[in-house]
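>>> the sequence and its predicted three-dimensional model are supplied below.
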Amino acid sequence: MASSSVQAPFVNPVVPFSGTIQGGLQDGLQITVNGTALHACGTRFAVNFQTGFSDNDIAFHFNPRFEESGYVVCNTKEKGRWGQEERKMHMPFQMGIPFEIRFLVQSSGFQVMVNGNFFTNYTHRMPFHRVDNISVTGAVGLTHISFQNTRAVPVQPAISGMQFSQPARFAPKPKGRKPKPPSYWQATAAPITQTVIHTVQSTPGQMFPNPVIPPTAYPSPSYPIPFFTSIPGGLYPSKGITISGTILPYAQRFHINLRSGNDIAFHMNPRFNESAVVRNTQINNCWGPEERGLTRNMPFVQGQGFLVWIKCEGHCLKVAVDGQHLFDYYHRLTNLPAINSLEVGGDVQLTLVQT
């Protein structure tokens, strides 16, 4: 299923949180909430889809409760009055364990997935197009809230016909090879966040758009490292990739590679022992000159989470970490559609990948 971005994600929002859904809810809009239920802050949390910043009109109240044997309450509030509760006597969340909730808006109701598994359908009780706000309250910490339009199909150039039905895989390089060129960064603070790699499509003038749900998704928080997958259609101007995850506590370095066959078009390598984010390109097994300059301080921190956006422009890749621009990398390989696979390796944990 192809999809396109709707708006930029909310990164590490503080709870209680309330944020605008640009354009309101629409059929096919998917909102993904990533976070962790917290031990010391109570026994329940809630995600509300509501009208404005007031809680008088809540179209969908999703309320996990760690009480009794654990259950989830779903409900609607209109003009300040709650309707009849729907209780799901099953608790898919665990205190202290990261989770992912996907809310897919459909014409008939909300479809809810938790950690990649179907959880429930909630039939609309009020017109969903009135909803223009999402709020989160209670015993929970958030890493990000992202938005995807599952109905949209990204426009791809005619020459980008190279797509993979299966993730592209490359044999891991031997550990004894020559020293790696600079390429990775440190992670930014965020509680054990789920790694997200979204294909992104933006509107003109939008520097870092929102994540998008690509055809291949790995809902499990367990990913093999090194990890390889395809970029359907390759790169083209306005296409982007979003990656979020967690840096291991004693990490030395990790890397993100955008590959074209055996060449590495873009190598990003946060190095903690050097406090540097090294960028480079490898063509015919030869590395070019390194780039290390940053527009701000090192954004990555050992043991903490991060969210990286890579947006492709005609002349360069624009890279932001946790919503703030970090650097531009001018293309050294200009056949953008041929840059059609992604590799992540090193001292990092990935928990969700979308391409």
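Alright, I've got the coordinates.

>>> let me see the mean pLDDT of stretch 54-73.
Stretch 54-73 shows a mean pLDDT of 94.

>>> tell me how far it lies from the chain's centre.
Computed by Cα atoms, centre = their mean, to the nearest Å, the chain-centroid distance of stretch 54-73 equals 24 Å.

>>> now do it: distance from first to last residue.
Chord length of stretch 54-73, first to last residue, is 20 Å (Cα to Cα, to the nearest Å).

>>> quick one: buried residues of that stretch?
55, 57-66, 70-73 (16 or more other Cβ atoms under 10 Å). C-beta coordinates here come from the backbone N, C-alpha and C atoms, glycine included.

>>> poorly predicted segments of the stretch 151-300 of the chain, please.
Scanning the stretch 151-300 of the chain for pLDDT under 70 picks out 152-223.

>>> show me where it has its strands.
197-201, 211-212, 217-218, 227-230, 239-247, 254-260, 263-271, 276-283, 286-287 (DSSP state E, counting those that start in this stretch).

>>> now the phi/psi pair for P299, please.
With angles defined as degrees, to the nearest 10, P299 sits at phi -90, psi -10.

>>> neighbours around it, how many?
21 (other Cβ atoms under 10 Å).

>>> could you find the closest non-adjacent residue to it?
Among residues not flanking P299 along the chain, V321 sits closest, at 4.1 Å (Cβ to Cβ, 6 or more residues apart in numbering).

>>> rewinding a little: quick check: which of the strands of the stretch 151-300 of the chain is nearest to N335?
If you check each of the strands of the stretch 151-300 of the chain against N335 by Cβ to Cβ, strand 254-260 wins as the nearest, at 6.9 Å.

>>> what comes up buried for that closest one?
F254, H255, I256, N257, L258, R259, S260.

>>> re earlier: just flag the most distant two among the buried residues of stretch 54-73.
D57 and G70 (28.2 Å).

>>> tell me the pLDDT of the residue nearest to P299.
pLDDT, read off for V321, is 83.

>>> over to R81?
What the model reports for R81 is a pLDDT of 96.

>>> tally up the residues packed near the closest residue to F254 other than its chain neighbours, please.
Nearest residue to F254, sequence neighbours excluded (Cβ to Cβ, 6+ apart): G346, at 3.0 Å. For G346, the count of nearby residues is 20 (other Cβ under 10 Å).

>>> could you check how far G346 is from A139?
33 Å (Cβ to Cβ, to the nearest Å).

>>> can you list the domain ranges for the chain.
Following automatic domain parsing, one finds the domains of the chain at 4-149, 197-354.

>>> which one of these has the most crowded surroundings?
Greatest average neighbour count among the domains of the chain goes to domain 197-354 (a mean of 20), per mean count of other Cβ atoms under 10 Å.

>>> so M268 makes contact with I256?
Yes. Taking contacts as Cβ atoms under 8 Å, M268 lies within contact range of I256: 4.6 Å.

>>> what residue in the protein is the furthest from its centre?
The C-alpha centroid of the chain is most remote from R81, which lies 34.9 Å away (Cα atoms, centre = their mean).

>>> how about it: which residues does it bridge to?
Counting by DSSP bridges, R81 is bridged to E78.

>>> sorry, back to before: now the buried residues of strand 254-260 as CSV including distance to P337?
Listed next are the buried residues of strand 254-260 as CSV, based on distance: Cβ to Cβ, whole Å:
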residue, distance to P337
F254, 27
H255, 23
I256, 19
N257, 17
L258, 12
R259, 13
S260, 9
